[in-house]
Each structure stands twice: as C-alpha cells, then as structure tokens.
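Enquirer: make a model of this:
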Amino acid sequence: MAWDQINLQKKLNSTKLNLPKVQTLKRVVAGHVQFQDFIISVPTFNHQGSITYKGMELFTQFPEGCFWRPPTDNDGVKQGWMSKVSGVRRKWIQEGLNKLDIKRDFAYTESLTEGNYLQIKSEYQGRNAKATHISVIWAEGNLINFYETFHIPYEWDDLPRVGMRFEISTEFSDLEWLGRGPLESYPDRCNSQLISRWKSTVDNQYHPYVVPQENGAHQDTQWFSLINNQGDQLKFNITNASSFSASSMHDMDLSESLTISQLEAKPTTEVHVDAAIRGLGTGACGPDTLEEFRLRSGTYEMVWSLEVLPAKH
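Expert: Residues are numbered from 1 along each chain as shown. Predicted coordinates:
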C-alpha cells in the first residue's frame, strides 16, 4: 500500500494591515489593557503577564519571541569531549540564545477609525548581538490577532528558530490540528507525514528520545486547537506560520537534561508558533543541515490569531 499528496499552489494574500500611526500610541508602564472581552496583563520584572477572555485565562505566560530550540544530537552532543568541539549547539550557546535578556516597551492606541491596538517593542540581548521584535495585537469579537516582525542581527547567521513562545494551563489537554501528522515533522524531514486533520493529547506530543532533545513540531499547519474537558476550545490560526508544537516538557529542561529520568512534566503547557524553524540535518553521523533549511539573519514576519470557542451547553 502506498500514498501520495500533491501540493497545490496557494493564492497569495495581498491584504495589508492598516496599523495605527505611531503618534497615536500611549505608553503602557504596568497594569492591564482591555480589548472588548479580552484583558491583557502586561508583563513586568516579577510577573509573566497573561491574557484572559471573559474571565477565562488563555495564556498563563504572555507570548514572547523565541530564538531557541533544544539541540538535537545532530546539532551537537551535550556531554563528553565531543561536546566541546563539534556541532552548531556550541555556537548557539556562545551567542547566548538560550539565555537572552528581554527588554519591552508597551504602547496603546484608542481610535474610533483605526481600532484599538497594543504595540510591543522588544529587544533580545545575547552575548554578541541583539534581535528586535515588534508585536501588534488587536481584537475582533472572540478573536485576538498578533502581527509579529522580527529583525535578526547579522551576527546570528544560523538560528535554531524564529517564532513565539507562550504557556497555557494544562487544563487544555486535548489537541487537534490540520497539518502534517500524526508524528513530528521538520522542514527537512516532513514529507513522510500526511496533511490531514489529526487528534491527540498534549502528553502524547512528547517523544522520549534516549537523550532529551527537540521534538514534537508539526510543519505546514493551518490551525491547531487545545481543548479542555468541558469542551472549551482555543483555536490558533497559523496559516502563514511554519510550524507549531505543544508540550508539557519544556524547552529548557530538554536542553539541560542528560537523561529521561531528569525530566518532569511542568504544570503548564509550553506552546510554540514558529515563523521558521531550522531543519534537523544528519550532523551526528553525516552532513549538517542543508543550506535551504537553515535560518539566516534578516527580517521575519508572521500573523497568527487565537479564536476562543466556549463549550456549547
């Protein structure tokens, strides 16, 4: 038995966002910003920030830019003498991509003609350079939209990923998506996965590789939903993103742990929506990731949204 799928040409969306003029923005120092039924709690030095909808907590940690994924064995081993001499993992750590210092500036606009927007300007300082990121957020009914622009410095010429990271409650434990599945897929390792509608759980997204490492991403996803036992659904539309992942095993634990026994599920689900993610390559026993699957410096853009679908009782 065999199968095949034919990729159809997508019609390019030429719609441009009518973003507010800079002079209409008011700086937000701390506190809350409300868009209709959405309330955004602005992150501070001692608070991760959150987003709620009609009293339902959507994000337990505010979305932030992410340029790190747990290194695989192909990126470079974690222990032994080879960990000091081989793999792109060493470069990523030397650049400080796993421990970036984040500075944010929030500005808000109220306009009857342009609508209400929250604009966040962020700087991600590494050891040798910094990336900048502008996020524009606005709401339409039960939909909250995010428009991301990332500027990657020339020093960071081979990144693990460019995208957004946030956390949600483990209450939303069921997962559905329209994209490649049912197993994980990456840019240079995805054609064996069928594009369809898939159902799983967050716990089942984790793959127990002998050495903890990156796992669980899904390429070519149109949308994914996280659902709780009551049937409340968080539907993420990511049509022009690269991939997503959702896991109770968080990146930093996967990056630092040497054995599976050192891993513990976290009390929140870590979610990634990626503008781009590096391919896996075969660096452990052959050539590194091919050029077309590496992430270079420059500008990356991504639009994504969250649609809140309460259970129908």
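
Enquirer: I'd guess Glu292 is in a helix, am I close?
Expert: Yes. Looking at Glu292 with DSSP: H, G, I helix; E, B strand; the rest coil, it is inside a helix.

Enquirer: mind listing the residues bridging to the spatially closest residue to Phe38 that is not a sequence neighbour?
Expert: Once flanking residues are discounted, Phe38 sits nearest to Ala139: 4.9 Å by CB to CB, 6 or more residues apart in numbering. Heads up, the C-betas are built off the backbone N, CA and C, glycines and all. Taking DSSP bridges, one obtains Ile144 as the residues bridged to Ala139.

Enquirer: what ranges do the helices span in the stretch 51-200 of the chain?
Expert: 89-94 (DSSP state H, counting those that start in this stretch).

Enquirer: what's around the residue nearest to Cys190 when sequence neighbours are not counted, how many residues?
Expert: With sequence-adjacent residues excluded and distances taken as CB to CB, 6+ apart, Cys190 is closest to Gln219, at 4.3 Å. By the criterion of other CB atoms under 10 Å, Gln219 has 22 neighbours.

Enquirer: list the contacts for Gln219?
Expert: Residues near Gln219 by CB atoms under 8 Å, 6 or more residues apart in numbering: Gly179, Arg180, Ser185, Tyr186, Pro187, Cys190, Gln193, Ser242, Ser243.

Enquirer: distance of it from Arg189?
Expert: 9 Å (CB to CB, to the nearest Å).

Enquirer: and what of Thr132?
Expert: For Thr132, the distance to Arg189 - CB to CB - is 31 Å.

Enquirer: got it, and Arg104?
Expert: For Arg104, the distance to Arg189 - CB to CB - is 35 Å.

Enquirer: again, but for Arg69
Expert: Arg69 is 14 Å from Arg189, by CB to CB.

Enquirer: same check, this time on Phe244
Expert: Taking CB to CB, one finds Phe244 at 16 Å from Arg189.

Enquirer: just the strands in the stretch 1-150 of the chain please.
Expert: Under the criterion DSSP state E, counting those that start in this stretch, the stretch 1-150 of the chain contains strands at 26-28, 32-35, 38-41, 50-53, 56-59, 61-66, 101-109, 117-125, 130-140, 143-152.

Enquirer: export these to TSV and append columns for mean pLDDT.
Expert: Converted to TSV, the strands of the stretch 1-150 of the chain look like this (pLDDT from 0 to 100):
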stretch	mean pLDDT
strand 26-28	56
strand 32-35	84
strand 38-41	90
strand 50-53	93
strand 56-59	93
strand 61-66	96
strand 101-109	87
strand 117-125	94
strand 130-140	95
strand 143-152	97
